[in-house]
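Visitor: need a 3D model of the following:
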Amino acid sequence: MSPHIGLRPLLLLLLLAIATSAHLDASGQEKPTMPTMPFEMAKPGLDVGVVVSDMQKAKKFYGDALGLRPLPALPIELPGGGTMVRYQAGYTVIKLRTFPTAPPAVEKGTMSANGIRLLTIYIRNAEALASHFTELGFTAPKFSPAGTEARGLAFVNDPDGNRIELLDYGERQSEFDRVQIGLTVSNAEKAREFYGKVLGLKERPGVLLPANFAADTMEYFFEAGATTIKFWAPKTERPTRTGPIGAALGIRYFTFMVKDVDATYEALKARGVKVTVPPVDLGTIARIMLISDPDGNTIEFAAPRASR
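Guide: Residues are numbered from 1 along each chain as shown. The predicted model follows:
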């Protein structure tokens, strides 16, 4: 008998075994399928919307004190009236918004209510920034060791009491394209399911928050391009302050710029996402839609009208 008889079936069995093992983990269990984003981002970072009570005070803080670069005004009439001023922070645009009648204020502090409660901005020189704050009449940020690759961190409040985290990375230019958006959530597992499996964002390993922030509480991280969405669910009772953008002052929404809003709408609807505003044209410059996460935080998806 030829020694090659039976070799082909043996090779087929070997290839099948290799293909099967690629879907198993070290214990022999089937590996979970990595989620995919059901939309294509049109730029690397997310934008952030902040509803403010006094635009001049907000401009002095974000533009003058933090030194963010102002952007040209958009030629649109905003739904509900009011004004918008925009600043560039790396890949992120921070959109300051007023309404004809200022919405009510909510609880101050990162952990005092569920919602979008923290915005992290990367800076180059902590000492120079602190000095600049003092010159402009703001309380100077007090930096402490970060315990990470950053040289230091500090927390400050904007004129409406929104919590801003500052990370000093010196001259590491690659870090300044990034921001982080911090959420206090009612249920961490529901939030992980939504941001990881529904939106398809990549999850990074979580960390235990310091006890002086929140006892026995994990902080979870999800990557959306150059932006990190992070959240925590403290073991304390607190109200939920989410909902429509104009319902309250504060950090009210964040925006994914995508290639196709209508395709995103169909894809997210198929995944069971709660759509609060279906695709609609915003003037002649953009097409947008709004959804809610499990706590009711507003997430916007937008694309230039010209890309339709």
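
Visitor: can we go C-alpha only for contacts and neighbour counts from here?
Guide: OK.

Visitor: what are the boundaries of the helices in this protein?
Guide: According to DSSP state H, the chain carries its helices in the segments 7-21, 55-59, 126-135, 188-192, 261-270.

Visitor: ok, residues contacting the fourth one?
Guide: Residues external to helix 188-192 that are found in contact with it (CA atoms under 8 Å, 6 or more residues apart in numbering): 185, 220, 231, 232, 233, 293, 294.

Visitor: just the buried ones from the residues you listed, in PyMOL syntax?
Guide: In PyMOL, a selection of the buried entries from the contacts of helix 188-192 looks like this (16 or more other CA atoms under 10 Å):
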select buried, resi 185+220+231+232+233+293+294
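
Visitor: out of the contacts of helix 188-192, which comes closest to residue 137?
Guide: Of all the contacts of helix 188-192, residue 231 has the smallest distance to residue 137: 31.6 Å, by CA to CA.

Visitor: just checking, that closest one touches residue 223?
Guide: No - look at residue 231 against residue 223 with CA atoms under 8 Å: they stay out of range, at 12.0 Å.

Visitor: CA atoms of stretch 94-109 as PDB?
Guide: Only the C-alpha atoms of stretch 94-109 are listed here, as PDB (Å, rounded to 0.1, in the frame of the first residue of the first chain):
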ATOM      1  CA  ILE A  94     -16.500  71.100  23.100                       C
ATOM      2  CA  LYS A  95     -19.800  72.800  22.300                       C
ATOM      3  CA  LEU A  96     -21.000  75.400  24.800                       C
ATOM      4  CA  ARG A  97     -24.800  75.900  24.500                       C
ATOM      5  CA  THR A  98     -27.200  78.400  26.000                       C
ATOM      6  CA  PHE A  99     -31.000  78.500  25.800                       C
ATOM      7  CA  PRO A 100     -33.200  81.700  25.900                       C
ATOM      8  CA  THR A 101     -34.200  80.700  29.500                       C
ATOM      9  CA  ALA A 102     -31.400  78.900  31.400                       C
ATOM     10  CA  PRO A 103     -32.300  75.400  32.400                       C
ATOM     11  CA  PRO A 104     -32.200  74.500  36.100                       C
ATOM     12  CA  ALA A 105     -29.000  73.500  37.800                       C
ATOM     13  CA  VAL A 106     -28.500  70.000  39.200                       C
ATOM     14  CA  GLU A 107     -26.400  68.500  41.900                       C
ATOM     15  CA  LYS A 108     -22.700  69.400  41.800                       C
ATOM     16  CA  GLY A 109     -20.000  66.800  42.100                       C
END
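
Visitor: what are the buried residues along it?
Guide: 94, 95, 96, 97, 98, 99, 102, 103, 105, 106, 107.

Visitor: which ones among those are found in strands?
Guide: 94, 95, 96, 97 (DSSP state E).

Visitor: okay, the residues you listed in CSV with distance to residue 269 next?
Guide: Conversion of those to CSV gives the following (distance: CA to CA, whole Å):
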residue, distance to residue 269
94, 27
95, 27
96, 29
97, 28
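
Visitor: reformat those residues as CSV; add pLDDT and distance to residue 288.
Guide: CSV is the format used below for these (pLDDT from 0 to 100; distance: CA to CA, whole Å):
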residue, pLDDT, distance to residue 288
94, 98, 17
95, 98, 15
96, 98, 18
97, 98, 17
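
Visitor: re the thing from before, dump the contacts of helix 188-192 to JSON lines, plus pLDDT and distance to residue 305.
Guide: Shown next, in JSON lines, are these (pLDDT from 0 to 100; distance: CA to CA, whole Å):
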{"residue": "185", "pLDDT": "98", "distance to residue 305": "33"}
{"residue": "220", "pLDDT": "97", "distance to residue 305": "35"}
{"residue": "231", "pLDDT": "98", "distance to residue 305": "32"}
{"residue": "232", "pLDDT": "97", "distance to residue 305": "36"}
{"residue": "233", "pLDDT": "96", "distance to residue 305": "38"}
{"residue": "293", "pLDDT": "98", "distance to residue 305": "25"}
{"residue": "294", "pLDDT": "98", "distance to residue 305": "29"}
